[in-house]
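Peer 1: Sharing a model that was predicted from the sequence below.
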Amino acid sequence: MINKILDFRSDTVTKPTAGMLDAMMNAKVGDDVFGEDETVHNLQTKLAAMFNMEAGLFCPSGTMTNQIGIKCFTQPMDEVICDQTAHVYRYEIGGIAFHSAASVRLLNGERGILTPELIEPEINEDNIHYPNSSLVVLENTVNKGGGSCYTLPQIASIHHLCNIKGLKLHLDGARIFNALIATGDKAHDYGKYFDGISVCLSKGLGAPVGSVLLGSKATIKKATKIRKAFGGGMRQAGFLAAAGIYALDNHVERLKDDHKHAKDLAAALSSVPYVKSVMPVETNIVIFEVDKGMADKVVAQFKEKGLLCNTTSSSTVRLVTHLDISAEMMDRALEIILHL
């Protein structure tokens, strides 16, 4: 334990647990491109039922599920409305332009959280000079917002606006279960608000690979062809889908532990002189501010002491808690923070 690296770079660094590996090795599989993989089917139907959606589509990554969803809900020369911090805009290598030939209208939400008041003025009128506003994308939780969460009433108000204006609504649910644990909202209530939901299994839930796009049967039929065009059709994918099922059955409630660990990190960081401020912590992401230009140095100093984390700008650093961080490892991390 003394020499074990404390890896807070992301919740994507986790390794499958023994129980998850056992589930993977015992999965019933078939050719999923032919629709014959029983375990993939079970994962897709399980998540669709959980979120009160009609169908699901298992894909290798959240980037793929997001980009497929956006392509399903837009046409070339349309415009996608999202926050300027959104993963679909910042971290999916211009995929909206590349895959969907759509432009993007960027908004400035509070820690990435949009409101109807922010969205409505940015919906284009019918004008030959303007792209057609066709889709709003929300992210829950908001990575760049320090794990900030939407509540169902906030989502309902945005859905109401989209419904009136004729826009589709897509959710990048990269850390949706963190949001559900933090707010107490129920997954089943989400289905009535979104046209598409991307659910990631390889972050806080601890699966090694995969996300599922949820939507109507018609949307998922279209999405399946787009996935094939993207090169995302997988054969005996049930070995991976089994990990997702295991994660849903065993790793959701324990996210509370990650949230507590994040709050403990934030409390320690708030007490040391090299930290100027810490974003409010709602889930498992901690972002703190140091003097401008000093973030790389702080990350390097942490690394020398065995703690890994990342910069998010020249003056901000991010730590992410996850299931591979034990209570003993947290004690070591707090000591490093307090005595850097």
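Peer 2: Received, thanks.
Peer 1: May I see the buried residues of stretch 254-266?
Peer 2: 255, 257-259, 261-266 (16 or more other Cβ atoms under 10 Å). In this view, the C-beta of every residue, glycine as well, is placed from N, C-alpha and C.
Peer 1: Give the rounded mean pLDDT of that stretch.
Peer 2: Averaging pLDDT along stretch 254-266 yields 98.
Peer 1: can you check stretch 92-100 too?
Peer 2: For stretch 92-100, the mean confidence score works out to 98.
Peer 1: Work out the gap between it and the centre of the chain.
Peer 2: Distance of stretch 92-100 from its chain centroid, counting by Cα atoms, centre = their mean, to the nearest Å, is 17 Å.
Peer 1: Dump the C-alpha coordinates for stretch 35-46 into PDB.
Peer 2: The C-alpha atoms that make up stretch 35-46 are tabulated as PDB, following Å, rounded to 0.1, in the frame of the first residue of the first chain:
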ATOM      1  CA  GLY A  35     -28.600  -9.300 -33.200                       C
ATOM      2  CA  GLU A  36     -27.700 -12.600 -31.600                       C
ATOM      3  CA  ASP A  37     -25.800 -11.600 -28.400                       C
ATOM      4  CA  GLU A  38     -28.100 -12.300 -25.500                       C
ATOM      5  CA  THR A  39     -26.000 -10.400 -23.000                       C
ATOM      6  CA  VAL A  40     -25.900  -7.200 -25.100                       C
ATOM      7  CA  HIS A  41     -29.700  -7.500 -25.600                       C
ATOM      8  CA  ASN A  42     -30.100  -7.800 -21.800                       C
ATOM      9  CA  LEU A  43     -28.000  -4.800 -21.100                       C
ATOM     10  CA  GLN A  44     -29.800  -2.700 -23.600                       C
ATOM     11  CA  THR A  45     -33.300  -3.700 -22.400                       C
ATOM     12  CA  LYS A  46     -32.200  -3.300 -18.800                       C
END
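Peer 1: wait, which of the buried residues of stretch 254-266 is closest to residue 307?
Peer 2: Among the buried residues of stretch 254-266, residue 265 lies closest to residue 307 (Cβ to Cβ), at 10.3 Å.
Peer 1: by contact count, what packs against the host helix or strand of the closest one?
Peer 2: Taking DSSP states H and E as the criterion, residue 265 maps to helix 255-270. If contacts are counted by 3 or more Cβ pairs under 8 Å, 6 or more residues apart in numbering; DSSP states H and E, helix 255-270 sits against helix 176-183, strand 277-278, strand 285-289, strand 316-320, helix 327-338.
Peer 1: orientation of it relative to helix 176-183 in degrees?
Peer 2: Interaxial angle of helix 255-270 relative to helix 176-183 (axes from the mean of the first three to the mean of the last three Cα atoms, to 10 degrees): 80 degrees.
Peer 1: tilt between helix 255-270 and strand 316-320?
Peer 2: 150 degrees.
Peer 1: how far is helix 255-270 from where the chain is centred?
Peer 2: Relative to the chain's own centre, helix 255-270 is displaced by 19 Å; criterion: Cα atoms, centre = their mean.
Peer 1: try stretch 113-125
Peer 2: On Cα atoms, centre = their mean, the centre of stretch 113-125 falls 22 Å from that of its chain.
Peer 1: Show me the contact partners of that stretch.
Peer 2: 79, 81-83, 105, 107-109, 130-133, 136, 138, 142, 145, 148, 150, 154, 157-158, 160-161, 165, 167 (Cβ atoms under 8 Å, 6 or more residues apart in numbering).
Peer 1: Make a ChimeraX selection of the buried ones in the residues you listed.
Peer 2: Restricted to buried positions by 16+ other Cβ under 10 Å, the ChimeraX selection for these reads:
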select :79,81,82,83,105,107,109,131,132,133,136,138,142,145,148,150,154,158,161,167
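Peer 1: follow-up on the earlier one: a markdown table for the helices and strands packed on helix 255-270, including distance to residue 14, mean pLDDT and mean neighbour count?
Peer 2: Output for the helices and strands packed on helix 255-270, formatted as a markdown table (distance: least, Cβ to Cβ, whole Å; pLDDT from 0 to 100; neighbours: other Cβ atoms under 10 Å):
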| stretch | distance to residue 14 | mean pLDDT | mean neighbour count |
| --- | --- | --- | --- |
| helix 176-183 | 14 | 98 | 23 |
| strand 277-278 | 24 | 98 | 14 |
| strand 285-289 | 15 | 98 | 25 |
| strand 316-320 | 10 | 98 | 24 |
| helix 327-338 | 13 | 97 | 16 |
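Peer 1: The residue sitting furthest away from the middle of the chain: which element?
Peer 2: Most distant from the centre of the chain: residue 128, at 35.3 Å, with distances by Cα atoms, centre = their mean. Counting by DSSP H and E, no helix or strand carries residue 128.
Peer 1: again with the one 10 residues further on
Peer 2: Using DSSP H and E, residue 138 maps to strand 132-139.
Peer 1: contact partners of that strand?
Peer 2: In contact with strand 132-139 (Cβ under 8 Å, 6+ apart) are residues 66, 70, 73-75, 77-83, 85-88, 102, 105, 112, 114, 119, 122-124, 150, 155, 158, 162, 165, 167-172, 174.
Peer 1: That's all I had, so thanks and see you.
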